[in-house]
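K.L.:
Mind folding the following:
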Amino acid sequence: MLKQVLEKVWNKGVCGPGREKLRNCLYVPAIGFHNGQVHSAPRSFFGVEDFLDDDNSRPYTYKKEKKSKNPQKHVSFKQRTEAYMEPFTLDVLISKRFVTASLTHRVTSKQVAVAGTNSKDIKAVLKSRSDIPACLAIGRILAERAREADVYTASYTPRDRDKFEGKIRAVVQSLIDNGIDVKIYLD
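P.N.:
Next comes the predicted model:
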């Protein structure tokens, strides 16, 4: 609203002495403070444009939505609903020293069940914390904790650097054997 009022004043001008029309300007020194030259800036006095979004709807402090590079790009029904149809994802991390697996809810990003060979109760039982029997144990424990949380299905997509074989396959197979239906998406 202030922008429209200031635009009207700017376009109509202000009558000066002798009924001459004067243009509103914001005078700012161009080069130095004492050189006597002035510069007119084509903006309102309060700088309201600086505090509004592109569509002049909200103050700049609100978080803007991420604009797509291609706004005409079609998003399929599967892409929009996949997170709700298969809400739980399996995440498996295998390092040289330990194995960790977790089930995470996609929409809320909360971990429903977690199992790892670094925890005290599992660390004492296992001989080694990063071999195939440890992976099978992690899969069994994670399946028990998932059933306690009423999670019976999950989806798993391996990371780019991971291959679906060896220890990762042992964790996923152990989950399947212990009653958790895991859908595996290989690219």
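K.L.:
is it true that Asp174 touches Ile132?
P.N.:
Let me fix one detail, which is that residue 174 is Ser and not Asp. No - assessed by Cβ atoms under 8 Å, Ser174 is found out of contact with Ile132, at 9.9 Å. Every residue, glycine included, has its C-beta placed from N, CA and C.
K.L.:
Now tell me which helix or strand of the chain has the poorest mean pLDDT.
P.N.:
The weakest-scoring helix or strand in the chain, judged by mean pLDDT, DSSP states H and E, is strand 26-29 (a mean of 46).
K.L.:
list the contacts for Ala149?
P.N.:
103, 112-113 (Cβ atoms under 8 Å, 6 or more residues apart in numbering).
K.L.:
List phi and psi for it.
P.N.:
phi -90, psi 10 (degrees, to the nearest 10).
K.L.:
State the pLDDT value of it.
P.N.:
Per-residue pLDDT puts Ala149 at 94.
K.L.:
how near is it to Leu126?
P.N.:
Noted for Ala149: a distance of 23 Å to Leu126, by Cβ to Cβ, to the nearest Å.
K.L.:
Checking the residue lying closest to Gly179 once chain neighbours are set aside next. Helix, strand or coil?
P.N.:
With sequence-adjacent residues excluded and distances taken as Cβ to Cβ, 6 or more residues apart in numbering, Gly179 is closest to Ala143, at 6.0 Å. What DSSP: H, G, I helix; E, B strand; the rest coil gives for Ala143 is helix.
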